[in-house]
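Engineer: Dropping a prediction and its sequence here:
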Amino acid sequence: MFRTSIFSLYLTRHNETSFMISISEAISIVKQNGAPLLQPIVKLVEKAGGYLLFEDVLSPINMPPFRQSAMDGYALNLHDNLSYKLIGEIKAGDDYEPKLKPGEAVRIFTGAPVPDSANAVMMQEKVEVNGKYISIIEHIPLEHNIRPLGEQVKKGAIALKKGTKLTPAAIGYLISLGITKASVYKKPNIAIVTTGNELIEAGQELTHGKIYESNSKMLLSALYNLKFYDVRLYKVEDDYTKTVDTLNSAINDNDLVLITGGISVGDYDFVGKALKELQVEELFYKVKQKPGKPLFFGKSETSKIFALPGNPAAALSCFYVYVYIALQQMMNRDTLELPRITATVTNQFKKKGDRPQFLKGIYNAGKVEILDGQNSSMLQTFALANALVLAPEDINNINAGDHIEVILLPK
């Protein structure tokens with residue numbers, strides 16, 4: 001009886017390992033099944049940070065819209081003499097446009113319009129003022145210190161090309177052209193579904209057997225950090241019918257669904273069965289990795305679905321390695337994965353088990369420290385980390401000075 005039990009246990013573990021796919025296979029499947037949403041949406045430019053332009057933006061004006069002084073000084077109508085008659089002053093915003101004769105000048109300030117009759121600006125540090133006359137210390141070339149009309153962009157020219165990411169600088173640039181709205185690629189609607197009777201909201205009394213639910217807020221924060229704001233939160237008890245109904249709503253109403261917990265094979269893990277009933281196509285289930293072995297990825301006609309492990313550190317690791325790729329694909333971005341580099345390990349670490357592991361670490365200037373406390377249920381170490389260290393399956397002892405692959409996490 002004892003020998004039979006041991007043999008059965010061996011077969012169970014062997015079969016489980018056989019059905020797991022590798023990390024590289026899982027990443028490849030995510031990429032093969034991803035696609036850009038390719039749907040336009042019009043956004044106020046000031047609220048379009050992080051979006052990609054759906055089409056070229058043409059400038060409605062010349063920028064600058066007039067000949068503009070590049071500094072504080074004097075606008076001159078050049079002549080052979082170094083002495084000029086001062087006939088007025090032009091501040092930024094003035095509509096004053098005097099007609100200068102050769103040998104005449106006006107006081108001018110940075111950003112102010114340069115009269116058409118002026119052909120150079122001398123900085124004030126090189127000018128001596130004597131009443132209504134000024135003297136410059138040297139001759140200057142034509143158009144010196146004058147920003148020409150349309151120097152930055154001409155009216156009707158492409159201001160920003162299709163696919164450009166709207167950074168703070170890009171937003172400022174478009175608004176400087178008087179553009180208030182832009183057509184951008186729609187960002188995905190995202191659902192976060194948490195499962196488990198043991199979960200309660202932070203702020204409630206923590207009774208025996210309960211834990212505070214943190215995965216949804218953790219993933220929500222990760223999405224916000226990547227500038228994905230259209231996120232809905234769903235909570236479902238460990239009940240099969242309720243799980244089916246909740247997942248059905250989440251899948252039908254969202255482009256991407258992230259489920260945490262309930263994907264294993266326990267008596268009260270209903271997610272896998274519910275996804276089958278909803279005819280979600282399974283693309284893979286279980287990856288040879290630690291943490292995050294019970295990871296599910298599938299798709300329906302309308303959305304992509306990730307069922308993440310319930311353990312917080314495992315869920316967040318899978319988010320950065322796999323979900324991040326799907327998000328970038330939906331946004332039609334060229335770079336799909338987080339940056340990977342080779343770093344030098346600064347300390348010794350012993351890896352347990354024969355699976356590749358994503359270890360939390362602190363990376364700085366080409367070196368990485370592998371942190372203690374790598375348990376998949378613990379976030380304390382992850383809270384300190386800025387990188388995931390990929391420890392291969394065939395290496396158990398990592399020594400100081402070893403070179404290892406590191407995934408840099410978003411700041």
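Structural biologist: Nice, thanks for sending it over.
Engineer: quick one: low-confidence parts of the chain?
Structural biologist: Along the chain, segments meeting pLDDT under 70 span 1-18, 197-200, 212, 264-268.
Engineer: Would you map the helices across it?
Structural biologist: Using DSSP state H, the helices of the chain run over 2-19, 23-32, 168-176, 215-225, 240-253, 271-277, 312-318, 324-330, 380-384.
Engineer: Any idea which of those helices gets closest to Asn81?
Structural biologist: Judged by Cβ to Cβ, the one of these that comes nearest to Asn81 is helix 168-176, at 38.7 Å. Glycine gets a C-beta too; all of them are placed from N, C-alpha and C.
Engineer: Could you chop the chain up by domain?
Structural biologist: Under the assignment automatic domain parsing, the domains of the chain span 23-35+187-330, 40-62+152-185, 68-147, 340-408.
Engineer: got those domains as CSV, with mean neighbour count columns?
Structural biologist: Listed next are the domains of the chain as CSV, based on neighbours: other Cβ atoms under 10 Å:
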stretch, mean neighbour count
domain 23-35+187-330, 19
domain 40-62+152-185, 16
domain 68-147, 16
domain 340-408, 17
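Engineer: list the contacts for Lys350?
Structural biologist: Going by Cβ atoms under 8 Å, 6 or more residues apart in numbering, Lys350 touches Asn396, Asn397, Ile398.
Engineer: Just the ones in strands from the residues you listed, please.
Structural biologist: Among those, DSSP state E puts Asn397, Ile398 in strands.
Engineer: Leu275 reaches Phe297, doesn't it?
Structural biologist: No. Contact between Leu275 and Phe297 fails when scored by Cβ atoms under 8 Å: they sit 10.7 Å apart.
Engineer: what's the overlap in contacts for the two?
Structural biologist: Shared contacts of Leu275 and Phe297 (Cβ under 8 Å, 6+ apart): Glu282, Ile305, Ala307.
Engineer: any chance of these in TSV, with distance to Asn33 too?
Structural biologist: TSV is the format used below for the shared contacts of Leu275 and Phe297 (distance: Cβ to Cβ, whole Å):
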residue	distance to Asn33
Glu282	11
Ile305	11
Ala307	15
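Engineer: Among those residues, find me the one that's closest to Ala48.
Structural biologist: Distance ranking of those against Ala48, using Cβ to Cβ, places Ile305 first at 27.9 Å.
Engineer: Might one say that that closest one is in contact with Asn254?
Structural biologist: No. Counting by Cβ under 8 Å, Ile305 does not reach Asn254; the two are 9.5 Å apart.
Engineer: now the strands for the stretch 151-300 of the chain?
Structural biologist: Assigned by DSSP state E, counting those that start in this stretch, the stretch 151-300 of the chain shows strands spanning 158-160, 181-185, 190-195, 199-200, 211-212, 231-236, 256-260, 281-285, 296-299.
Engineer: which other residues reach the second one?
Structural biologist: Spelled out, that is strand 181-185. Strand 181-185 has contacts (Cβ under 8 Å, 6+ apart) with 36-45, 48, 51-55, 57, 166, 174, 331-332.
Engineer: do the same with the first one
Structural biologist: With Cβ under 8 Å, 6+ apart as the test, strand 158-160 has contacts from Leu53, Asp56, Val57, Leu58, Ser59, Val153, Ala170, Tyr173, Leu174, Leu177, Ile179.
Engineer: hmm, try it at 7 Å
Structural biologist: Here strand 158-160 makes contact (Cβ atoms under 7 Å, 6 or more residues apart in numbering) with Leu53, Asp56, Val57, Leu58, Ser59, Val153, Ala170, Leu174, Leu177.
Engineer: And the last one, by the same measure?
Structural biologist: Outside strand 296-299, the residues that touch it by Cβ under 7 Å, 6+ apart are 29-30, 33, 263, 272, 275, 280-285, 305-307, 322.
Engineer: center of the chain, which residue is that?
Structural biologist: Residue closest to the average C-alpha location in the chain (Cα atoms, centre = their mean): Leu226, at 3.6 Å.
Engineer: Just to check, that residue is in contact with Pro410?
Structural biologist: Yes. If you go by Cβ atoms under 7 Å, Leu226 and Pro410 touch, sitting 6.4 Å apart.
Engineer: quick revisit: phi and psi next, for the residue nearest to the centre of the chain.
Structural biologist: phi -90, psi 10 (degrees, to the nearest 10).
Engineer: cool, Thr110 as well?
Structural biologist: Dihedral angles of Thr110 (phi, psi; degrees, to the nearest 10) stand at phi -50, psi 130.
Engineer: In this structure it contacts Ser69, no?
Structural biologist: Yes. The pair Thr110 / Ser69 is scored as a contact, 5.9 Å apart, by Cβ under 7 Å.
Engineer: which residues sit in contact with Val321?
Structural biologist: Phe358.
Engineer: Could you measure from it over to Leu206?
Structural biologist: For Val321, the distance to Leu206 (Cβ to Cβ, to the nearest Å) stands at 32 Å.
Engineer: One more: Gln279?
Structural biologist: For Gln279, the distance to Leu206 equals 39 Å [Cβ to Cβ].
Engineer: doesn't Gly261 make contact with Asp238?
Structural biologist: No. With contact defined as Cβ under 7 Å, Asp238 does not count as touching Gly261 (9.1 Å).
Engineer: Next, show the common contact partners of these two.
Structural biologist: Common contact partners of Asp238 and Gly261 (Cβ under 7 Å, 6+ apart): Thr195, Gly196.
Engineer: Give me the nearest residue to Ile41, chain neighbours excluded.
Structural biologist: Leaving aside its sequence neighbours, Ile41 sits nearest to Lys186 (Cβ to Cβ, 6 or more residues apart in numbering; 4.4 Å).
Engineer: which residues touch the one you found?
Structural biologist: Lys186 sits next to Leu37, Gln39, Pro40, Ile41 when contact means Cβ under 7 Å, 6+ apart.
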